[in-house]
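A.B. asks: Here is a sequence with its predicted model. Questions after.
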Amino acid sequence: MKKTSQLSLIRNIGIMAHIDAGKTTVTERILFYTGRSHKLGEVHDGEAVMDWMADEQERGITITSAVTTCPWQDKEIQIIDTPGHVDFTIEVERSLRVLDGAVGVFCAVGGVEPQSETVWRQADKYKVPKIAFINKMDRIGADFHSAVDQMKSKLHAVPLVLQLPRGVEDSFSGVIDLVRMKQIVWDDDTLGATFTESDIDAEDRSRADSGREKLLETLAEADDEIMEAYLSEAAIDDDMLAAAIRRATIGLKLVPVLCGSALRNKGIQPLLDAIVAYMPSPDDVPPIRGVHPETRESIACPADPGAPLAALIFKVSMMEGRKLSYVRVYSGKLTAKSDVYNPTLKRSEKVSRILRMHANKRERIDEARAGSIVGVVGLKDSSTGDTLCTTDHPVLLEKIDTYEPVISIAIEPKTHADQEKIDQVLEKFSAEDPTLKVKQDADTGQTILSGMGELHLEVITSRMRREFNTHVNVGKPQVVYRESIETPAEAEAEFDREVAGQHHHGRVRIRLEPLSRGAGTRFRSEIGGEPLADAFVKAAEQGVLEALESGSLMGYPVVDVEAVLVSGGHRESLGSELAFRVAATIACNQALQAANPYLLDPIMNVEVYVPEDFMGEVIGDLNARQGKIESMEHRTGVHVIHAVVPLANMFGYSTSIRSATQGRGTFTMQFSHFDRAG
């Protein structure tokens with residue numbers, strides 16, 4: 001491959017879409033037509049180059065974003081193929097964070113599907129210019145114009161239609177190019193590698209003229225130069241038009257729309273031309289800004305190989321047991337066998353090797369310059385979202401947003417050998433995936449895995465088995481409740497016994513009183529008259545706190561209770577700390593049983609993002625789960641419901657919300673407080 005040092009020749013783009021819209025098939029065709037691969041890999045055969053993991057090939061979906069580089073014309077296109085399933089949204093998030101442009105792939109039948117909305121919002125957040133490719137034009141029910149209309153209504157985008165389909169469904173044969181006013185028809189005998197360009201057929205001429213007029217009108221509203229020429233009816237040549245489309249795309253004013261059928265090998269070469277012509281190079285986007293780690297002063301990092309190094313680790317992967325860090329170099333250059341500084345860890349790390357990636361294959365290179373996306377081996381402690389720079393010019397780039405997990409499972413090793421490996425394996429997965437959380441539940445002793453959805457956790461347990469030969473049993477986690485009391489109660493207990501040849505005696509009276517929610521547990525002594533020795537009071541307090549660790553209902557910790565030592569005494573010379581501790585524990589347990597104890601549920605703060613059409617159904621479902629709606633707000637294209645719901649009622653909610661909203665609703669959930677349900 002021809003090496004290029006000129007930033008203007010680089011295009012860093014991502015392919016994003018809803019699951020099954022054809023992203024990976026589009027990427028496979030791009031690799032084939034650019035000469036990067038020499039056979040067409042099909043997703044349905046499990047042979048796609050970019051879906052290299054066993055789980056991806058088996059399920060026919062993309063799970064992890066894969067990076068590759070390919071040439072087109074005289075440009076170098078670095079591509080990240082991202083997952084389309086909502087459970088792997090973090091892969092899209094961290095890819096878009098480091099990309100300069102994105103191609104949104106839409107199904108001509110399904111139009112703008114739910115996850116398309118999510119990834120589009122992520123691209124908007126990072127101000128990433130976009131091109132839309134309406135795929136599957138050969139499918140029964142394909143409707144190009146409906147998909148374009150949905151881009152307006154659901155994504156609030158301004159589409160700029162550059163192509164019209166030539167035929168539809170079975171008769172789809174090519175496209176009409178409205179920029180150059182030509183028709184392009186693909187040759188089926190050459191796997192789409194050859195095509196014929198010609199003048200537009202007479203029967204298509206009127207709709208082509210109408211489409212061209214609409215293109216100029218839309219572009220004139222976004223570009224002053226075209227507006228001037230359009231109003232004065234001056235000639236607008238192809239170069240002038242292409243330059244204006246590029247300006248409007250990079251300026252986030254318009255989204256160029258193309259169409260085709262990747263599976264039938266039609267429409268990919270013009271898409272590559274559009275990527276090269278309209279997507280920005282690293283030179284065209286504003287310099288990324290970071291801050292000085294100490295002074296917090298803002299620092300611009302220009303896309304210049306001669307500037308100080310500024311690079312971001314956007315993904316960590318374990319390949320063949322080794323840690324591979326995916327890095328976007330924004331400024332300066334990264335050299336193999338050099339030291340880099342990590343301002344988050346405040347220490348240097350060694351870059352042992354730099355790799356140009358092609359899915360799971362790699363090629364060693366000596367250096368990576370500004371604008372490059374590469375794999376780095378040798379970084380021991382650096383993780384996702386960390387910055388790499390130099391000690392002379394430290395800079396801290398903005399970290400990558402992660403998502404709070406919304407569903408949990410409990411796992412336990414099947415054998416003793418699995419027990420020894422499980423912690424190490426989970427540590428590796430946690431380093432790879434910021435949305436995977438692992439914790440040991442102190443109350444139940446379970447290992448709890450929390451992730452973005454049932455498929456996410458299913459894939460993790462499958463990878464544990466396939467990649468590390470670690471087998472686990474999977475079960476529902478046990479909800480950990482708390483207990484409290486409704487009414488005050490008193491009890492007295494006496495301990496009078498010989499233990500290990502020594503007589504112990506102590507007598508205490510304990511009163512329990514309920515406190516306000518969230519107050520915790522307290523102990524105080526109100527013994528009047530002859531005081532009790534401090535050591536005995538302390539022993540009684542210890543006994544009470546031990547009793548409150550395990551309530552009388554189901555053995556959960558007791559909270560929001562004040563324990564009062566009302567009275568206490570002992571026979572002369574027989575009093576001991578042991579006697580007072582045991583007597584206090586017994587008295588406290590008796591008082592707990594008499595104080596009308598009840599369970600407290602863990603209550604979760606839940607935010608549900610839902611399109612307006614499904615609001616009633618979602619609110620009804622939350623009410624059925626004993627949820628309390630606290631507020632609602634409207635954001636662009638979506639309503640946000642804020643509610644508090646008992647955790648026990650939230651199991652399976654990720655599946656319910658998708659069913660209730662045709663997959664368009666998403667939610668986040670985090671612990672709020674303990675309270676009585678209902």
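C.D. replies: Looks like it came in fine. Since we're looking at a predicted model, the values are computed, not measured. Residues are numbered from 1 along each chain as shown.
A.B. asks: that's a strand at E221, yeah?
C.D. replies: No: counting by DSSP: H, G, I helix; E, B strand; the rest coil, one finds E221 to be helix, located in no strand.
A.B. asks: what's near enough to touch it?
C.D. replies: By C-beta atoms under 8 Å, 6 or more residues apart in numbering, the residues touching E221 are M227. To be clear about C-beta, it is placed using only N, CA and C from the backbone, and glycine gets the same treatment.
A.B. asks: quick one, helices of the stretch 101-250 of the chain?
C.D. replies: Along the stretch 101-250 of the chain, the stretches classed as helices by DSSP state H, counting those that start in this stretch are 114-125, 144-155, 202-222, 224-231, 238-250.
A.B. asks: repeat for the stretch 501-650 of the chain
C.D. replies: Using DSSP H, counting those that start in this stretch, the helices of the stretch 501-650 of the chain run over residues 534-548, 577-594, 615-624.
A.B. asks: winner for burial among those helices?
C.D. replies: Among these, helix 577-594 has the highest mean neighbour count (mean count of other C-beta atoms under 10 Å), at a mean of 23.
A.B. asks: Once you drop chain neighbours, what's closest to G267?
C.D. replies: Nearest residue to G267, sequence neighbours excluded (C-beta to C-beta, 6 or more residues apart in numbering): G260, at 1.6 Å.
A.B. asks: ugh, wrong one, I meant L216
C.D. replies: Y230 (5.6 Å).
A.B. asks: how much space between that neighbour and E213?
C.D. replies: 10 Å (C-beta to C-beta, to the nearest Å).
A.B. asks: repeat for H18
C.D. replies: For H18, the distance to E213 equals 32 Å [C-beta to C-beta].
A.B. asks: Compare those two (neighbour count), which wins?
C.D. replies: Applying other C-beta atoms under 10 Å to H18 and E213 shows that H18 carries more neighbours, namely 25 against 12.
A.B. asks: Is the more buried one in contact with W120, as I believe?
C.D. replies: No: taking contacts as C-beta atoms under 8 Å, H18 lies outside contact range of W120: 10.0 Å.
A.B. asks: which one of the helices of the stretch 101-250 of the chain is the most hemmed in?
C.D. replies: helix 114-125 (a mean of 21).
A.B. asks: how big is the angle separating it from helix 144-155?
C.D. replies: On the basis of axes from the mean of the first three to the mean of the last three C-alpha atoms, to 10 degrees, helix 114-125 is oriented at 60 degrees to helix 144-155.
A.B. asks: just to revisit the earlier point, and the residue nearest to L216, what is it in contact with?
C.D. replies: 216-217, 220, 236.
A.B. asks: how much space between it and R212?
C.D. replies: For Y230, the distance to R212 - C-beta to C-beta - is 12 Å.
A.B. asks: is it fair to say A300 lies in a strand?
C.D. replies: Yes: secondary structure of A300 (three-state DSSP): part of a strand.
A.B. asks: so who does it touch?
C.D. replies: With C-beta under 8 Å, 6+ apart, A300 has these contacts: 287-289.
A.B. asks: Out of the helices of the stretch 501-650 of the chain, flag the one nearest K380.
C.D. replies: With respect to K380, and counting by C-beta to C-beta, the nearest of these is helix 534-548 at 42.8 Å.
A.B. asks: re earlier: now, the contacts of A300 that are in strands?
C.D. replies: 288-289 (DSSP state E).
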